[in-house]
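S.K.: quick one, fold the following:
(one chain, ligands or ions: 2)
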Amino acid sequence: MDLIVLGSGIGASHIEGLPNRFPPAFLVRWANQAILFDCSEGVRFRLEQMGICYADIRHIAISHAHPDHNALVNYIHAVALRNHVVEEQGSSLNIYAPQQIVQDFPAVWNGYVPDNPTREEDIWPILQFHALPNQSVSSVEIGSAKLQSFKVFHGAGKCNAVAYRLDTPEGVFSYSGDTGDCTGIRAACFRADIFVCEASAKIGSFDSALAYGHLTPYQAGDIAKAGNVSKLILFHYTGLETEEQILADCRASGYKGELVCSQDFDIFKVEKSCLL
Ligand SMILES: [Zn+2]
Ligand SMILES: [Zn+2]
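M.R.: Residues are numbered from 1 along each chain as shown. Ligands and ions are numbered 1, 2, ... in the order given. The predicted model follows:
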């Protein structure tokens, strides 16, 4: 099982200290399966740069609707255009997303592609939406793995948002999406082999976790420590603080496991921890 960092940055760029970072997206591969976690702006270019064709992805799990995590319309449109150019038919594409995204998708699509609301030509991917109920936990089987979503607090409580946990025979991967400190994120990462966690709140601004729903590096470390996480991968930081400052703030929480500030194109092997 491995994890490819396609986007470790935020929804803005051209910021000193934040070179060459795309908005959040991560590809997890195990056995013959792969899931793209978050479908952010430009993610197909990152997949191409890693030698992966974006049209081959069959599973996408989206954490919440904000555009730095969810550019699904652009992605689907690009898949169909590629199919048109290379004369291939669309394949099924499973999309796991909070109910809010699934409900709003037809209207959002219509805003972009008003001339083709139903996508019936054979170049279009066949969309299989899996709406995650707006409750604490949901679960779906994907091949040999189990994908769980956990409701988390984000967008001042006005944005349906989930964290994910993927249990595979090769290890446990957890992904925060955007979140404050809440029971959902603490359950999602419990004893994970690798926990990809946002750290977008400014160091010391602890109130963000409860007011809007972002974590400081310290809070990410505190959650990972409580969950006995083996490896913590931070992402979604602004560049206002140095990597050294971020790591030091995270360590101040008492988290003792492996710790990395991720960069685009990083690849991590996920291995089962002896804790499990
Ligand atoms: Zn967000
Ligand atoms: Zn975000």
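S.K.: how about the residue of the stretch 1-150 of the chain found nearest ligand 2: what's its closest non-neighbour residue?
M.R.: Here the residue of the stretch 1-150 of the chain nearest ligand 2 is D68; by C-beta to the ion that distance is 4.4 Å. C-beta coordinates here come from the backbone N, C-alpha and C atoms, glycine included. In space, and not counting its chain neighbours, D68 is closest to G11: 3.1 Å by C-beta to C-beta, 6 or more residues apart in numbering.
S.K.: ok, now which ones touch the one you found?
M.R.: 23, 41, 66-68 (C-beta atoms under 8 Å, 6 or more residues apart in numbering).
S.K.: now the helices for the stretch 151-276 of the chain?
M.R.: In the stretch 151-276 of the chain, the segments counted as helices under DSSP state H, counting those that start in this stretch are 183-188, 208-211, 217-226, 243-251.
S.K.: just want the angle from the longest one to helix 243-251.
M.R.: Put plainly, it is helix 217-226. Counting by axes from the mean of the first three to the mean of the last three C-alpha atoms, to 10 degrees, helix 217-226 lies at 40 degrees to helix 243-251.
S.K.: list the buried ones in helix 217-226?
M.R.: 217-225 (16 or more other C-beta atoms under 10 Å).
S.K.: same check on the shortest one?
M.R.: Of all the residues in helix 208-211, those buried under the rule 16+ other C-beta under 10 Å are 208-209.
S.K.: a strand runs through P67, doesn't it?
M.R.: No. Under the criterion used here (DSSP: H, G, I helix; E, B strand; the rest coil), P67 is coil, not part of a strand.
S.K.: count of neighbours near whatever residue of the stretch 151-276 of the chain ends up closest to ligand 1?
M.R.: Residue of the stretch 151-276 of the chain nearest ligand 1, by C-beta to the ion: D178 (3.6 Å). Using other C-beta atoms under 10 Å, D178 has 25 neighbouring residues.
S.K.: packing partners of the lowest-mean-pLDDT helix or strand in the chain?
M.R.: The weakest-scoring helix or strand in the chain, judged by mean pLDDT, DSSP states H and E, is helix 208-211 (a mean of 85). Contact here means 3 or more C-beta pairs under 8 Å, 6 or more residues apart in numbering; DSSP states H and E; on that basis helix 208-211 packs against no helix or strand.
S.K.: buried ones from the contacts of G11, can you make that a PyMOL selection?
M.R.: Typed into PyMOL, the line below selects the buried ones among those, using 16+ other C-beta under 10 Å:
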select buried, resi 23+41+66+68
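S.K.: near ligand 1, which residues of the stretch 151-276 of the chain?
M.R.: Residues of the stretch 151-276 of the chain lying near ligand 1 by C-beta under 5 Å from the ion: D178.
S.K.: how much space between R21 and Q219?
M.R.: For R21, the distance to Q219 equals 21 Å [C-beta to C-beta, to the nearest Å].
S.K.: swap in I76?
M.R.: I76 sits 35 Å away from Q219, taking C-beta to C-beta as the criterion.
S.K.: dihedrals phi and psi, the residue of the stretch 151-276 of the chain closest to ligand 1?
M.R.: The phi/psi pair for D178 (degrees, to the nearest 10) reads phi -100, psi 130.
S.K.: for S138, report the pLDDT, please.
M.R.: You'll see S138 listed with a pLDDT of 88.
S.K.: send the alpha carbons of the helix or strand where it lies over as PDB?
M.R.: Secondary structure assignment for S138, by DSSP states H and E: strand 137-142. This file holds the C-alpha atoms of strand 137-142, laid out as PDB (Å, rounded to 0.1, in the frame of the first residue of the first chain):
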ATOM      1  CA  VAL A 137     -20.200   7.200  10.700                       C
ATOM      2  CA  SER A 138     -20.900   5.300   7.500                       C
ATOM      3  CA  SER A 139     -19.100   2.400   5.800                       C
ATOM      4  CA  VAL A 140     -18.700   0.900   2.400                       C
ATOM      5  CA  GLU A 141     -16.700  -2.100   1.100                       C
ATOM      6  CA  ILE A 142     -14.200  -1.400  -1.800                       C
END
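S.K.: that strand pairs with which strands?
M.R.: strand 145-151 (antiparallel) (DSSP bridges).
S.K.: and the partner strand, how far out from the chain middle?
M.R.: 12 Å (C-alpha atoms, centre = their mean, to the nearest Å).
S.K.: likewise stretch 111-130?
M.R.: 23 Å.
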